[in-house]
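J.: Next come a sequence and a model predicted from it.
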Amino acid sequence: MPKTIYIAAALLLDAQGRSLLVRKRGSSIFMQPGGKIDAGETPLQALVRELEEELQLRIDPAQARPLGQFRGPAANEPGFEVCCELFEVRTEQAVEPAAEIEEARWVTSPDGLQVAPLSRDQIFPRFMPA
């Protein structure tokens, strides 16, 4: 049975309806922005913190719309699965990769990118249909 990592992530959308994917330093895999939920944090608190740390993006928690909980294999940690609380966040603010994020791309489709299983198999097909 795989070990579980609990994360909060954003389906971060811009005014053109594109979704932001991020790639961590040392990895070739793109994924939704977000990260691990710390002890004592709610998923929403973790999301707000992670977006600010990783993308210099400050959001009002009220603008994050819960989309549900999703599970899938962890992209960068073999033998683990992620349990993801996903939120839709719409923004027109610029993002600036920071902390462990090396690259951020606005996309309408994950085609042509190496994408985390959760994003590729569940999030894009459900929320960003081609």
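T.: Now that the structure is in, tell me what you want to look at. Numbering: from 1, shown residues only.

J.: Remind me what the helix ranked longest in the chain packs against, helices and strands.
T.: Secondary structure of the chain read by DSSP state H shows that its longest helix is helix 43-55. The elements that helix 43-55 packs onto, with contact taken as 3 or more Cβ pairs under 8 Å, 6 or more residues apart in numbering; DSSP states H and E, are strand 3-13, strand 19-24, strand 34-36, strand 64-73, strand 80-90, strand 101-107. Just so you know, the C-beta spots here come from the backbone N, C-alpha and C atoms, and that holds for glycine as well.

J.: could I get those strands as a markdown table with distance to Gln122, mean pLDDT and mean neighbour count?
T.: Supplementary listing: the helices and strands packed on helix 43-55 in a markdown table, determined by distance: least, Cβ to Cβ, whole Å; pLDDT from 0 to 100; neighbours: other Cβ atoms under 10 Å:
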| stretch | distance to Gln122 | mean pLDDT | mean neighbour count |
| --- | --- | --- | --- |
| strand 3-13 | 11 | 97 | 20 |
| strand 19-24 | 13 | 97 | 22 |
| strand 34-36 | 14 | 96 | 20 |
| strand 64-73 | 5 | 97 | 14 |
| strand 80-90 | 9 | 97 | 20 |
| strand 101-107 | 16 | 97 | 15 |
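
J.: closest to Pro125 out of those strands?
T.: Evaluated with Cβ to Cβ, those place strand 64-73 nearest to Pro125, the distance being 11.4 Å.

J.: Report the angle between the closest one and strand 80-90.
T.: Using axes from the mean of the first three to the mean of the last three Cα atoms, to 10 degrees, the inter-axis angle of strand 64-73 relative to strand 80-90 is 160 degrees.

J.: quick one: contacts of strand 64-73?
T.: Residues external to strand 64-73 that are found in contact with it (Cβ atoms under 8 Å, 6 or more residues apart in numbering): 2, 4, 10-11, 44, 47-48, 80-89, 116-118, 121-123, 127.
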